[in-house]
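Participant: Requesting a structural model of the entry that follows:
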Amino acid sequence: MTRLSVNINKIATLRNARGGNIPDVIKAAVDCEHFGAQGITVHPRPDERHIKYSDVREIRPLITTEFNIEGYPSEEFIKLALEVRPDQVTLVPDPPGALTSDAGWDTIKNYTFLKEIISLFKSESIRTSLFIGTETEMIVGAGRTGTDRVELYTEPYAANFKADKNKAIAPFINAAEVVDKIGMGLNAGHDLNLNNLKFFKEHIQGLLEVSIGHALISDALYYGLENSIQLYLRQLK
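Facilitator: Residues are numbered from 1 along each chain as shown. Below is the predicted model:
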């Protein structure tokens, strides 16, 4: 079964909009685990506009499921990851002011940079994943860096799903085959939701994990957090 990692950034965004501690992000992480999530994902950014570095430190000892920290590998981010020692670090190419992740790594241009950082995390027994697109050359480049996994950027699939789902999934089917041949693990994330998740899972071989935040937390406004997590888990069975 493909694992569901719930990204709780949007809960932190809501908290930060008013100040104080409502909703309680730390409790939300523990609740997501209790409600069946097989992983918790956080993506701290330099301006801490949603998840704060202090949140990451508080969450780490409270959950027993997989903890995944996403982010651009700045000096501060690397220091945080080495301190809290998550199960997985997902490296994304976001510039500091990015609204959200909107592209994968150029693994050829950034080969030396990524290889050095991945080597550092692997020396500390922290699994690494690179956020990338479906281009074969970028997947091959990711393999050369020594990363354990890649996370396919699925926004193009989600954007084109309604118009032609078979055409939308085709590049991802090919990408998954390349990932498998290289011998890396495969994750996916970005704009996956209750409408497009099942079709994606059914057509992508070797899919180990999906990271879902915006859609799931939005659905929780209507269905409740526990029920929303269960609805997503059903799509992955």
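Participant: Only C-alpha atoms from now on, for both contacts and neighbour counts.
Facilitator: Fine.
Participant: Just give me the residue right at the centre of this structure.
Facilitator: Residue closest to the average C-alpha location in the chain (CA atoms, centre = their mean): residue 211, at 4.2 Å.
Participant: In this structure residue 220 contacts residue 228, no?
Facilitator: Yes - using CA atoms under 8 Å, residue 220 is in contact with residue 228, at 5.5 Å.
Participant: quick one: which of the two has more around it?
Facilitator: The neighbour comparison of residue 220 against residue 228 (other CA atoms under 10 Å) goes to residue 228, with 21 against 15.
Participant: mind checking how far the more buried one is from residue 106?
Facilitator: According to CA to CA, to the nearest Å, residue 228 stands 34 Å off from residue 106.
Participant: and stretch 211-220, which residues are buried?
Facilitator: Residues of stretch 211-220 classed as buried: 211, 212, 213, 214, 215, 216, 217, 218, 219 (neighbour count, 16 or more other CA atoms under 10 Å).
Participant: Need the residues that contact stretch 8-17.
Facilitator: 21-25, 28-29, 40-43, 49-51, 213-214, 217 (CA atoms under 8 Å, 6 or more residues apart in numbering).
Participant: Return a ChimeraX selection command for the buried portion of those.
Facilitator: In ChimeraX syntax, the buried subset of those is picked out as below (16+ other CA under 10 Å):
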select :23,25,28,29,40,41,42,43,50,51,213,214,217
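Participant: Could you tell me which of the contacts of stretch 8-17 belong to helices?
Facilitator: Cross-referencing the contacts of stretch 8-17 against helices under DSSP state H gives 25, 28, 29, 214, 217.
Participant: Can you give me every residue that contacts the first one?
Facilitator: To tie it back to what came earlier, the one meant is residue 25. Applying CA under 8 Å, 6+ apart, we find residue 25 in contact with 8, 11, 12, 15, 55.
Participant: Please repeat the previous calculation with a cut-off of 6 Å.
Facilitator: Neighbouring residues of residue 25 by CA atoms under 6 Å, 6 or more residues apart in numbering: residue 12.
Participant: Okay, it and residue 205: tell me how far apart.
Facilitator: 33 Å.
Participant: now swap in the last one and tell me
Facilitator: Using CA to CA, residue 217 is found at 27 Å from residue 205.
Participant: and what of the fourth one?
Facilitator: Distance from residue 214 to residue 205, counting by CA to CA: 24 Å.
Participant: can you list contacts of the longest helix that the chain contains?
Facilitator: Taking DSSP H as the criterion, the chain has its longest helix at helix 165-182. Helix 165-182 has contacts (CA under 6 Å, 6+ apart) with 134, 157, 160, 161, 204.
Participant: in this protein, which spans are strands?
Facilitator: 3-7, 39-42, 66-71, 88-91, 127-132, 149-153, 185-189, 207-212 (DSSP state E).
Participant: Output those as a markdown table; include the columns mean pLDDT and distance to residue 234.
Facilitator: Shown next, in a markdown table, are those (pLDDT from 0 to 100; distance: least, CA to CA, whole Å):
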| stretch | mean pLDDT | distance to residue 234 |
| --- | --- | --- |
| strand 3-7 | 98 | 10 |
| strand 39-42 | 98 | 16 |
| strand 66-71 | 97 | 19 |
| strand 88-91 | 98 | 24 |
| strand 127-132 | 98 | 25 |
| strand 149-153 | 98 | 21 |
| strand 185-189 | 98 | 17 |
| strand 207-212 | 98 | 13 |
